[in-house]
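*Asks:* Model the structure of this input:
(one chain, ligands or ions: 2)
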Amino acid sequence: MNNFILLKKITKSFSNNKKINVLKKINYSFKKGKIYSLMGPSGSGKSTLLNILSMIDKPTSGSLLIDNDAIDFDNNTNNDKIRSNKIGIIYQQNNLLPDFTALENVYLAGLALNNDKNNSIEKAKKMIKKMGLSSREHHFPSELSGGEMQRIAIARALINEPEIILADEPTGSLDQKTAKEVFATLYNLKNKNRLIIYATHNRFFANMADCKLEMIDGNIKTINARIK
Ligand code: ADP
Ligand code: MG
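*Replies:* Ligands and ions are numbered 1, 2, ... in the order given. Model (predicted):
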């Protein structure tokens, strides 16, 4: 039940010199309350898929339904709204703004949904506290460790309390110990109203998920599913 994100025959091709079909008629349904890991070799289309789920990129054909709403990929204004309301995104490189402090990086993301600065600062402080980084609020990204930067990026992704969290190799540039801590943080975000999907190269982290997926030849293969 509860098909929170539904993919119907999603296809994505790129044509530069020669045409490549990256995603080939993917049908899949992601459920609320679950965590999915997505593995697959480099170049298999993990980022391409996540970028379509976050509506940053548009499929060549097929349809995407989020919470039963069919996404119109040409309606950027509306999609920006859906994204700020519902989706938190975490990348491999944390993408924090270098000239802004940790607190500013987090609260600025909050303004996308609600233009109330004081309210956003308050929420940002709460999120940063949750990440155990209150003492780093006024540090600039260059003054944070890799793990701290990534936890601030998670706080930023969470400021609008998204129902969907998409993470593209979130610990790809961290050592194993720090990566474990970041994954523990990510797993703490699991709740029954939230869907979390992350791409990873790391089998250990992939195995933590409720449902392990692999991109094989342009399609999603379920490796194991504890989900009914
Ligand atoms: P992964 O995240 O699994 O490593 P990607 O989704 O980044 O894989 O890429 C899948 C394939 O699509 C690769 O062959 C990549 O070169 C190609 N690709 C991705 N984005 C573009 C683009 N904007 N233009 C052309 N080719 C692209
Ligand atoms: Mg990728």
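
*Asks:* Dihedrals phi and psi, the residue of the chain found nearest ligand 2?
*Replies:* Nearest to ligand 2 in the chain, going by C-beta to the ion, is residue 47, at a distance of 3.2 Å. All C-beta spots, glycine's among them, are computed from the backbone N, C-alpha and C. Phi and psi for residue 47, reported as degrees, to the nearest 10, are phi -70, psi -40.

*Asks:* dump the residue contacts of it.
*Replies:* 168, 199 (C-beta atoms under 8 Å, 6 or more residues apart in numbering).

*Asks:* any idea of the pLDDT on it?
*Replies:* Predicted confidence (pLDDT) for residue 47: 96.

*Asks:* The one 4 residues further on too?
*Replies:* According to the model's per-residue confidence, residue 51 sits at a pLDDT of 97.

*Asks:* Please apply the same query to residue 150.
*Replies:* The predicted local confidence for residue 150 is 89.

*Asks:* Could you do the one 4 residues further on as well?
*Replies:* Turning to residue 154, the model gives it a pLDDT of 91.

*Asks:* Please apply the same query to residue 177.
*Replies:* At residue 177, pLDDT is 88.

*Asks:* list the contacts for residue 69?
*Replies:* residue 82.

*Asks:* Likewise for the one 3 residues further on?
*Replies:* Counting by C-beta under 8 Å, 6+ apart, residue 72 touches 78-79.

*Asks:* tell me which parts of the protein are close to ligand 2?
*Replies:* Within the chain, the positions adjacent to ligand 2 are 46-47 by C-beta under 5 Å from the ion.

*Asks:* Tell me the residues of the chain that contact ligand 1?
*Replies:* Residues of the chain lying close to ligand 1 (C-beta under 6 Å from any ligand atom) are 14, 16, 20, 22, 40, 42-48.

*Asks:* As CSV, the residues you listed with distance to residue 30 and secondary structure would be great.
*Replies:* Below are the residues of the chain next to ligand 1 laid out as CSV (distance: C-beta to C-beta, whole Å; DSSP: H, G, I helix; E, B strand; the rest coil):
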residue, distance to residue 30, secondary structure
14, 24, strand
16, 30, coil
20, 25, strand
22, 19, strand
40, 16, coil
42, 23, coil
43, 23, coil
44, 18, coil
45, 16, coil
46, 14, helix
47, 17, helix
48, 16, helix
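
*Asks:* Quick check: of these, which has the highest neighbour count?
*Replies:* Highest neighbour count within the residues of the chain next to ligand 1, by other C-beta atoms under 10 Å: residue 45, with 26 neighbours.

*Asks:* Please tell me I have it right and it contacts residue 215.
*Replies:* Yes. Under the criterion of C-beta atoms under 8 Å, residue 45 makes contact with residue 215 at 5.1 Å.
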